[in-house]
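Asker: Prediction below, plus the sequence it came from.
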Amino acid sequence: MNVEEKKLLTDIQSSIISIDEHLEGRRVFEEYKSNKTKRRAVERELEIIGEATSKLLNINPLIQLSYARIIVDLRNKIIHAYDNINNTIIWKIIMKDIPVLLNEVEELLNQ
């Protein structure tokens with residue numbers, strides 16, 4: 001793995017950690033849904049994750065990240081269809097997909 005790949009993986013890892021910080025370590029959907037600042041902060045981190053994933057796929061299309069294409073598509077939706085973001089879908093991503101992504105990123109960084 002080259003330096004740029006490691007940098008991008010570290011960016012993804014950092015954004016995932018930041019999502020937890022924005023949520024203040026709590027996973028309360030109603031709190032997330034009612035707080036525009038938290039929602040926007042999490043959405044920004046998801047944008048960064050999507051952009052870093054896109055760059056990573058351009059450098060190494062064989063990189064093993066589950067749902068890599070979906071991550072990039074989510075980034076595009078958040079940026080271009082910001083007025084049509086479904087909080088329930090974002091919450092599902094936070095609860096189920098982001099922990100899987102973090103494990104995969106950490107495994108790749110430890111290789």
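Answerer: Noted; the coordinates are in hand.

Asker: Now for residue 108: which residues touch it?
Answerer: Going by Cβ atoms under 8 Å, 6 or more residues apart in numbering, residue 108 touches 1, 9, 63, 64, 65. The way it works is simple: take the backbone N, C-alpha and C, and place the C-beta from them, glycine included.

Asker: ok, and it, which helix or strand is that part of?
Answerer: Assigned by DSSP states H and E, residue 108 belongs to helix 98-109.

Asker: pretty sure residue 76 contacts residue 50?
Answerer: Yes. At 7.2 Å, residue 76 and residue 50 qualify as touching, with contact defined as Cβ atoms under 8 Å.

Asker: Neighbour count for these two, which is higher?
Answerer: residue 50 (23 against 13; other Cβ atoms under 10 Å).

Asker: got the contact list for the more buried one?
Answerer: 71, 72, 73, 74, 75, 76, 78.

Asker: Which positions within the lengthiest helix in the chain qualify as buried?
Answerer: Criterion DSSP state H: the longest helix present in the chain is helix 36-59. Buried positions in helix 36-59, judged by neighbour count with 16 or more other Cβ atoms under 10 Å: 38-39, 41-43, 45-57.

Asker: so where's the chain uncertain?
Answerer: Within the chain, no stretch has pLDDT under 70.
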